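In: Below is the structure, and that's it, no one-letter string:
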C-alpha cells in the first residue's frame with residue numbers, strides 16, 4: 001500500500017494542476033478584476049429599480065445581505081431554515097445578475 005501511495009503521488013489531481021509560475025493571472029493574459037470595484041458601472045437608481053421589481057422574498061434576503069447580515073442571521077430574522085435562506089439569497093442574486101445582463 002505504501003508503494004502505491006508513493007508511486008502515484010505525482011499523478012494526483014492537485015499535483016497535476018499546480019501552476020509553476022509566480023503570478024498565475026499573468027500567464028492567462030486575462031484582466032484582473034478588483035473585488036472592491038466590481039459595481040462601478042452600475043447606476044444606483046437602476047439597481048434600486050431592478051430590486052423593486054423583484055418578488056418580496058428576493059427583496060428581503062438581498063436587503064438583509066446588503067446590510068451585512070450573514071446566512072444564519074437572515075434565517076433567524078425571517079424565521080426560515082438556514083438552507084432556505086441560502087437558497088433564496090443565491091436565487092435572488094442570480095435574478096439580479098440576469099436583470100443587469102439584459103439591460104447592458
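Out: Now that the structure is in, tell me what you want to look at. Given the structure is predicted, the values throughout are model-derived calculations rather than measurements. Residues are numbered from 1 along each chain as shown.

In: If we ignore the residues flanking it in sequence, what's nearest residue 59?
Out: residue 51 (5.9 Å; C-beta to C-beta, 6 or more residues apart in numbering). For glycine as for every other residue, the C-beta is placed from the backbone atoms N, C-alpha and C.

In: those helices in the protein, which residues are they?
Out: Taking DSSP state H, the helices of the chain run over residues 2-7, 13-16, 24-28, 44-52, 56-66, 71-78, 82-103.

In: any chance of those helices in CSV, plus mean neighbour count?
Out: Output for the helices of the chain, formatted as CSV (neighbours: other C-beta atoms under 10 Å):
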stretch, mean neighbour count
helix 2-7, 8
helix 13-16, 8
helix 24-28, 11
helix 44-52, 12
helix 56-66, 16
helix 71-78, 16
helix 82-103, 14
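
In: Turn these into CSV, including mean pLDDT.
Out: Below are the helices of the chain laid out as CSV (pLDDT from 0 to 100):
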stretch, mean pLDDT
helix 2-7, 55
helix 13-16, 55
helix 24-28, 59
helix 44-52, 84
helix 56-66, 93
helix 71-78, 94
helix 82-103, 89
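
In: Surely residue 84 and residue 75 touch.
Out: Yes - the criterion here is C-beta atoms under 8 Å, and residue 84 meets it with residue 75 at 7.2 Å.

In: that older thread, next one: the residue nearest to residue 59 from residue 101, what distance?
Out: From residue 51 over to residue 101 the distance is 15 Å, taken as C-beta to C-beta, to the nearest Å.

In: Report the separation between the residue nearest to residue 59 and residue 63.
Out: 8 Å.

In: how about residue 70, phi and psi?
Out: The phi and psi values for residue 70, taken as degrees, to the nearest 10, are phi -90, psi -180.

In: Got the confidence number for it?
Out: Residue 70 carries a pLDDT value of 90.

In: Many thanks, we can stop here.
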